[in-house]
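1. Just to be clear, the model below is a prediction. Sequence and coordinates:
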Amino acid sequence: MARVLRHVEVGRGAISVVEGDITEERTDAIVNPANSSLAHGGGVAGAIVRRGGREIQTESDALAPVPVGGAVATGAGRLACRYVIHAVGPVWGEGDEEVKLRRAVASALARAEGLGVTSLAMPAISTGIFGFPKARGCRLIVEEVARHLGSPGGSVVSVRLVSIDEETASHFLAAVDASC
């Protein structure tokens, strides 16, 4: 069961920090922290395909490769949401990681806008097996989401920052408290 740890109004919408399973989110779309080849074998990506169905991987195969910082969307199979937005974040150590992570978040938000999404669940892109430092990554993600919601217009009005683990959720909380 998801637990909302914080909910703050930002610009035209709101950011919520949630401890829970992103595959259970009932938002219009969820973000998958993907690799460039869109091979969804492990971590959050693997969980999304296991729960949502093989069709998510099949649709992804037709869209790959995606450059670091880019994002594409597929259907959501059996998930509660309508879309999965696959955002490709950087691997720590490849260079320009902060710029690339900001671009991945902005690309996911732009893709959501293009789909007319109003609610979006997003994990801590790149902070798992890609090795991006959690506190730093969560701060950058919150800053980009707040910047997006602070701009006029757009369909996205609710962004849920979702983490299955308490440590990452605490970093999202600290970032929201510092930035919003």
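-> Arrived safely.
2. Helices of this protein, residue ranges please.
-> 43-52, 54-63, 97-114, 134-150, 166-179 (DSSP state H).
3. so can I have JSON lines of those showing mean pLDDT?
-> Output for those, formatted as JSON lines (pLDDT from 0 to 100):
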{"stretch": "helix 43-52", "mean pLDDT": "95"}
{"stretch": "helix 54-63", "mean pLDDT": "98"}
{"stretch": "helix 97-114", "mean pLDDT": "98"}
{"stretch": "helix 134-150", "mean pLDDT": "98"}
{"stretch": "helix 166-179", "mean pLDDT": "97"}
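4. okay if I get these as JSON lines plus mean neighbour count and distance to Tyr83?
-> (Glycine included, C-beta is placed from N, CA and C.) Putting these into JSON lines (neighbours: other CB atoms under 10 Å; distance: least, CB to CB, whole Å) gives the following:
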{"stretch": "helix 43-52", "mean neighbour count": "20", "distance to Tyr83": "11"}
{"stretch": "helix 54-63", "mean neighbour count": "16", "distance to Tyr83": "10"}
{"stretch": "helix 97-114", "mean neighbour count": "21", "distance to Tyr83": "8"}
{"stretch": "helix 134-150", "mean neighbour count": "21", "distance to Tyr83": "17"}
{"stretch": "helix 166-179", "mean neighbour count": "18", "distance to Tyr83": "22"}
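5. Glu98 is in contact with Glu143, isn't it?
-> No. The criterion here is CB atoms under 8 Å, and Glu98 misses it with Glu143 at 10.2 Å.
6. picking up where we left off before, okay, the helices of the chain in TSV with distance to Glu19 next?
-> Below are those laid out as TSV (distance: least, CB to CB, whole Å):
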stretch	distance to Glu19
helix 43-52	14
helix 54-63	24
helix 97-114	20
helix 134-150	13
helix 166-179	4
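7. out of those, nearest to Val31?
-> With CB to CB, the closest approach to Val31 among the helices of the chain belongs to helix 97-114: 5.0 Å.
8. What lies in contact with the closest one?
-> Residues outside helix 97-114 that contact it (CB atoms under 8 Å, 6 or more residues apart in numbering): 28-29, 31, 68-73, 83, 85, 87-91, 94, 120, 122, 125-126, 132, 136-137, 140-141, 143-145, 148, 154-156.
9. Can you select the buried ones from those residues in PyMOL?
-> A single PyMOL command is used to select the members of the contacts of helix 97-114 judged buried by 16 or more other CB atoms under 10 Å:
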select buried, resi 28+29+31+68+69+70+71+72+73+83+85+87+88+89+90+91+120+122+125+126+132+136+137+140+141+143+144+145+148+154+155+156
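10. Just the ones of the contacts of helix 97-114 in strands?
-> Ala29, Val31, Ala71, Val72, Ala73, Tyr83, Ile85, Ala87, Val88, Leu120, Met122 (DSSP state E).
11. Specify the beta-bridge partners of the closest residue to the first one other than its chain neighbours.
-> Spelled out, that is Ala29. Among residues not flanking Ala29 along the chain, Tyr83 sits closest, at 4.0 Å (CB to CB, 6 or more residues apart in numbering). Applying DSSP bridges to Tyr83 yields these beta-bridge partners: Ala29, Gly75.
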